[in-house]
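Visitor: quick one, structure for this:
(chains A, B, C and D)
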Number of protein chains: 2
Amino acid sequence: MITVTEENYLKAIYSLNADRDGKELGTNELASHLNISPATVSNMLQKLKEKKLINYKKYGGISLLEKGEKAAITVIRKHRLWETFLVDKMEFTWDEIHEVAEQLEHIKSTKLIDQLDKLLGYPEYDPHGDPIPKVNGEMRETYRTTLDQGTPGDSFSMVGVKNDSPAFLQHITKLGLAIYSKITIKARYEFDGSLETEIEGTKQIISQKVAENIYVN
Amino acid sequence: MITVTEENYLKAIYSLNADRDGKELGTNELASHLNISPATVSNMLQKLKEKKLINYKKYGGISLLEKGEKAAITVIRKHRLWETFLVDKMEFTWDEIHEVAEQLEHIKSTKLIDQLDKLLGYPEYDPHGDPIPKVNGEMRETYRTTLDQGTPGDSFSMVGVKNDSPAFLQHITKLGLAIYSKITIKARYEFDGSLETEIEGTKQIISQKVAENIYVN
DNA sequence: AATTAAAGTTAGGTATATCAAACTTTAATT
DNA sequence: AATTAAAGTTTGATATACCTAACTTTAATT
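Guide: Model (predicted):
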């Protein structure tokens, strides 16, 4: 049996190891992502190792073993399907879904999740533009660039967000951004890295921090 | 904050106090209903009392205070709405829903439960024939008689079950029973209290224990 | 009134998941 | 090579929710 807490650790390890350039994942980074102390993480890592869910050596890096990765992907699949359900069937907005999905993702019932998938018409992406893993654990590869990689003159369609906190989502909603919004970069201000853009025909200044969290194609 | 465990105690106290003839609810009865030891219940009762959720005196009876009853009814409302959802929208059969609903009933989101109610068309009864409390906590009064109260010659329609264990539900499903099935009592055998009946035109012998758990009108 | 059985409580212990404080290891800097 | 800062671990503690075994209270029977 994998506990709810363990599932949250595995999910966190999975996503922190997903978009990583160099350097292995460490205790502190995992702790700050989970909002708990490094001491607690150290203890839990030993337990996850004993259960053969992760690969871990004291003072070394943290990675998932096959069993742990499977569990992580299942939780992510459930999370994203529930998020899709909340938006498609329950009239939730994309900034309201994360907290509830964090609870729903731990419900144990294979039949429920299969039926949910069917009810939603086997969706491939969730409301934040993230791919939904298939039943067998396959996850569509996504090579996405962020808006801050663009140069003046480029025109994009927004395909997802890197950050799904309510604060961020509410902010970009106010800027007029949603999935598939058209964005054209007019200028880049070197002073602070902000971008002058046109979003669905309206001029908007976007900070670098925001631009880094918007996926475009 | 009311924890998941506390919600389960409150729900149990509520239902054990609902269909009660004489004698107050005690620690042992509550413990055996929750499948835990009386010692654990004794401890938890003190805690629930401190939180002003229940009325309790050592060696005395157990009952809900207003705050506790409200919480219990909310959990029951969520449980029954989720059960309805599983049957109406997710192709679950009535013997499969209880376990999953026990998990779903603890999800915290007022919006979710309101939307669920709306999605289902504001149902009044769940798939076991139990009334679903309204948002304000009002619960339809149900004066239901059980099949074992009938006498030969009586004809009934089944309106609910008193027991929602998979074993019981699977058993009566095999007998051809479902909500609104027509049942006629042909004879009662005094030896073991069993009933000879006709269910939707087919002759069936029903044990007293089964008859006691079927609500009819 | 004394005894006893049933019901209920308390005491001491376990597992999980958390923490802060103290300590150790690793790696970077001088 | 020595120092130091950052990263990570260990230790001892806490809270929740559970247990068994021992004890106490209540209520029924003799």
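Visitor: can you tell me the SS state at the residue of chain A most remote from its centre?
Guide: For chain A, the residue at maximal distance from the C-alpha centroid (C-alpha atoms, centre = their mean) is residue A:191, at 29.5 Å. The three-state label given to residue A:191 by DSSP: H, G, I helix; E, B strand; the rest coil is coil.
Visitor: and the pLDDT for it?
Guide: The score at residue A:191 is 94. That number is its pLDDT.
Visitor: separation between it and residue A:197?
Guide: Residue A:191 is 16 Å from residue A:197, where distance means C-beta to C-beta, to the nearest Å. C-beta: built from backbone N, CA, C; applies to glycine.
Visitor: number of residues surrounding the closest residue to DNA strand D within chain A?
Guide: Here chain A gets closest to DNA strand D at one residue, residue A:26, 2.1 Å apart by C-beta to the nearest atom of the strand. Using other C-beta atoms under 10 Å in any protein chain shown, residue A:26 has 15 neighbouring residues.
Visitor: you'd agree residue A:29 is up against residue A:13?
Guide: No. Between residue A:29 and residue A:13 there is no contact under C-beta atoms under 8 Å: 10.1 Å.
Visitor: ok, those two, which is more surrounded?
Guide: Per other C-beta under 10 Å, whichever of residue A:29 and residue A:13 has more neighbours is residue A:13, with 25 against 17.
Visitor: what are the neighbouring residues in contact with that one?
Guide: The contact partners of residue A:13, taken as C-beta atoms under 8 Å, 6 or more residues apart in numbering or on different chains, are A:25, A:30, A:54, A:62-64, A:68, A:72.
Visitor: of these, which is the nearest to residue B:98?
Guide: Ranked by distance to residue B:98 (C-beta to C-beta), the contacts of residue A:13 are led by residue A:72 at 28.8 Å.
Visitor: ok, is the helix or strand the closest one falls within in contact with DNA strand C or not?
Guide: For residue A:72, the host element (DSSP states H and E) is helix A:66-90. No. Applying C-beta under 7 Å from any atom of the strand, one finds helix A:66-90 separated from DNA strand C by no less than 13.4 Å.
Visitor: quick one: whichever helix or strand comes after that helix near DNA strand C?
Guide: Using DSSP H and E, the next helix or strand after helix A:66-90 towards the C-terminus is helix A:97-104. No. Counting by C-beta under 7 Å from any atom of the strand, DNA strand C is not contacted by helix A:97-104; separation bottoms out at 12.7 Å.
Visitor: which residues does helix A:97-104 contact?
Guide: With C-beta under 8 Å, 6+ apart as the criterion, helix A:97-104 contacts A:78-80, A:82-83, A:86-87, A:92, A:127, A:164-166, B:107-109, B:112.
Visitor: quick check, distance from that helix to the centre of its chain.
Guide: 13 Å (C-alpha atoms, centre = their mean, to the nearest Å).
Visitor: after it, which helix or strand is next?
Guide: Once the chain leaves helix A:97-104, the next helix or strand it forms, by DSSP H and E, is helix A:110-119.
Visitor: ok, and for that following helix, which residues are buried?
Guide: Of the residues in helix A:110-119, A:112-113, A:115-117, A:119 count as buried by neighbour count, 16 or more other C-beta atoms under 10 Å in any protein chain shown.
Visitor: also stretch A:131-140?
Guide: Buried residues in stretch A:131-140, counted by 16+ other C-beta under 10 Å: A:131-133.
Visitor: redo those as CSV? Include pLDDT.
Guide: What follows is the buried residues of stretch A:131-140, written out as CSV (pLDDT from 0 to 100):
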residue, pLDDT
A:131, 96
A:132, 98
A:133, 98
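Visitor: re earlier: distance of the residue farthest from the centre of chain A relative to residue A:125?
Guide: To residue A:125, residue A:191 is 35 Å away according to C-beta to C-beta.
Visitor: DNA strand C: which of the contacts of residue A:13 is nearest?
Guide: residue A:30 (11.1 Å).
Visitor: wait, isn't that closest one in contact with residue A:56?
Guide: No. Assessed by C-beta under 8 Å, residue A:30 is found out of contact with residue A:56, at 10.7 Å.
Visitor: out of those two, which sits in the more crowded spot?
Guide: residue A:30 (21 against 18).
Visitor: now do the SS call for residue A:198.
Guide: Reduced to three states by three-state DSSP, residue A:198 is strand.
Visitor: how near is it to residue A:151?
Guide: Here the criterion is C-beta to C-beta. By it, residue A:198 lies 15 Å from residue A:151.
Visitor: please enumerate the shared neighbours of residue A:30 and residue A:56.
Guide: Common neighbours of residue A:30 and residue A:56, using C-beta under 8 Å, 6+ apart, are residue A:62.
Visitor: among the contacts of residue A:13, which are located in helices?
Guide: Of the positions in those, A:30, A:68, A:72 sit in helices, assigned by DSSP state H.
Visitor: nearest to residue A:180, of the residues you listed?
Guide: Proximity of the ones in helices among the contacts of residue A:13 to residue A:180 was ranked by C-beta to C-beta; the top entry is residue A:72 with 28.6 Å.
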